[in-house]
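Novice: just a sequence and a predicted model for now, questions to come.
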Amino acid sequence: MVDYPLASSETELNTGNQRYGSVDFPPYRYVPGIHPHPTNSPEGHSYGEEDGDHNKWDSNLWKDNKDYLFGIDLYNYHYYWEAHEAWEGLWIASVRNSSEHRFLQGLIKCGAALLKIRMANYEIQDLIGARNLSKSGMSLLSQVGVDCFMGLNIPIFLESYNDFVKPISEDIVPVIDSKSPRIELMI
């Protein structure tokens, strides 16, 4: 018997915008201290799965990049740890300090900050990590060099994201729900 929340029970978090891919979501949204670690625990939703190859990729072909699009879907449906995992191989394969590298690292850090906000409901000190990660993520995204990259209008996203995380500077924990910042791609 599972004694942690499954995604199917988190009704508010299952409301989302359009999906960009068709890969099934994991059975739970990993939150450290609540769920089994997805890859390290035998009960984890991704235990035993092989890490994918870190092949070169072209950011101009983002519409066909299944890992990128799955990461967007995961992020938009509040699977922040899992979104990081989906994007990590792309980030590793990108040229260090390139637009692709900064962009993906920025998205990963913005998602990690939202995970820390979710964790702050249990341990308020996680807001410190959320503050640092959100600032760093927004800074990286603002350094990509163009306003629209891989389908994302960066200034619009950053405005929405900043509005959402602003209360954490005053130790207020925003509610992660259907009003949380989403990544909307211009397709």
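Specialist: In hand now; what should we look at?

Novice: quick one: the helices in this protein?
Specialist: 66-76, 80-93, 99-120, 126-142, 154-165 (DSSP state H).

Novice: for Gly16, find the nearest of those helices.
Specialist: Gly16 lies closest to helix 66-76 among these, at 5.2 Å (CB to CB). (Each C-beta comes from the backbone N, C-alpha and C, glycine too.)

Novice: ok, now which ones touch Thr19?
Specialist: To be clear, residue 19 is Arg; Thr isn't right here. When contacts are counted by CB atoms under 8 Å, 6 or more residues apart in numbering, Arg19 is found next to Asp73.

Novice: I'd say Ile124 and Ile172 touch.
Specialist: No: applying CB atoms under 8 Å as the test, Ile124 and Ile172 come out as separate, 10.3 Å apart.

Novice: give the residue spans of this protein that score low on pLDDT.
Specialist: 1 (pLDDT under 70).

Novice: let's see 90
Specialist: By pLDDT under 90, the weakly predicted segments of the chain are 1-5, 11-12, 14-18, 48-55, 121-124, 178-179, 187.

Novice: chain center to stretch 154-173: distance?
Specialist: 15 Å (CA atoms, centre = their mean, to the nearest Å).

Novice: mind saving the C-alpha coords of it as CSV?
Specialist: This file holds the C-alpha atoms of stretch 154-173, laid out as CSV (Å, rounded to 0.1, in the frame of the first residue of the first chain):
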residue,chain,number,x,y,z
ILE,A,154,11.4,34.6,-22.5
PRO,A,155,10.3,38.1,-21.3
ILE,A,156,6.7,37.1,-21.0
PHE,A,157,7.6,33.9,-19.1
LEU,A,158,10.0,35.8,-16.8
GLU,A,159,7.4,38.4,-15.9
SER,A,160,4.8,35.7,-15.0
TYR,A,161,7.4,33.7,-13.1
ASN,A,162,8.8,36.7,-11.2
ASP,A,163,5.2,37.7,-10.2
PHE,A,164,4.6,34.2,-8.9
VAL,A,165,7.9,33.9,-6.9
LYS,A,166,8.0,37.5,-5.6
PRO,A,167,6.3,36.6,-2.2
ILE,A,168,9.1,34.2,-1.2
SER,A,169,11.3,37.2,-0.5
GLU,A,170,9.0,37.9,2.4
ASP,A,171,8.8,34.2,3.6
ILE,A,172,5.4,33.8,2.0
VAL,A,173,4.9,30.4,0.4
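
Novice: can you list contacts of that stretch?
Specialist: The contact list for stretch 154-173 (CB under 8 Å, 6+ apart) reads 110, 113, 117, 120-121, 124, 127, 130-131, 134, 138, 141-142, 144, 146-148, 174, 179-184.
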